[in-house]
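S.K.: Could you work out the structure for the sequence below:
(one chain, ligands or ions: 1)
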Amino acid sequence: MIRETLRWALLAAPLLLGGHAVAGQTVEVAIVKFAFTPAELTIKAGDTVRWVNKEKRQYHSVWFEQQGEPEPPYFFPGESVERTFDTAGEFPYRCGPHPMMRGVIRVE
Ligand SMILES: [Cu+2]
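M.R.: Next up, the predicted model:
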């Protein structure tokens with residue numbers, strides 16, 4: 001299971017990393033043409049994944065449905081969401097409104 005310590009932030013503006021130490025690095029996943037790119041990503045525990053909506057008009061979401069989580073809000077072109085993975089494992093996700101859009105984060 002994904003632990004409660006995971007941070008889950010909706011960001012409408014560039015992220016400001018002020019005030020506290022950030023242990024891991026941040027890795028970007030672009031969302032363009034109804035696809036997560038890269039769809040499969042391997043990171044290290046403590047790293048953060050930032051999904052950036054690079055569509056012209058289309059909203060999407062990043063939903064860890066198989067973790068039993070509720071469907072998150074959509075985010076729009078120019079916006080991003082990010083999440084820090086503190087636990088090793090394999091975390092598949094999908095887009096809420098577009099079930100064919102799928103990805104997986106593998107945490108080492
Ligand atoms: Cu979508």
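S.K.: Next one: Ala12, what pLDDT does it get?
M.R.: On pLDDT, Ala12 comes in at 40.
S.K.: Is any residue of stretch 91-108 near the ion?
M.R.: Yes. Stretch 91-108 is in contact with the ion by C-beta under 5 Å from the ion, via Cys95, His98, Met101. No exception for glycine: its C-beta is placed from N, CA and C like everyone else's.
S.K.: hmm, I was thinking of stretch 25-32
M.R.: No. Using C-beta under 5 Å from the ion, stretch 25-32 stays clear of the ion, with a minimum separation of 7.1 Å.
S.K.: List the buried residues of that stretch.
M.R.: For stretch 25-32, the neighbour count (16 or more other C-beta atoms under 10 Å) marks Val27, Val29, Ala30, Ile31 as buried.
S.K.: Now go through those and say which are in strands.
M.R.: Among the buried residues of stretch 25-32, the ones falling in strands (DSSP state E) are Val27, Val29, Ala30, Ile31.
S.K.: Enumerate the beta-bridge partners assigned to the second one.
M.R.: Translated: Val29. Judged by DSSP bridges, the bridge partners of Val29 are Trp51.
S.K.: Quick check, it in contact with Thr48.
M.R.: No. Between Val29 and Thr48 there is no contact under C-beta atoms under 8 Å: 11.0 Å.
S.K.: In contact with Pro92, which residues are there?
M.R.: Phe64, Gln66, Arg102, Gly103, Val104 (C-beta atoms under 8 Å, 6 or more residues apart in numbering).
S.K.: Swap in 6 Å and give it another go.
M.R.: Contacts for Pro92 (C-beta atoms under 6 Å, 6 or more residues apart in numbering) come out as Gln66, Val104.
S.K.: Thank you kindly, that will do.
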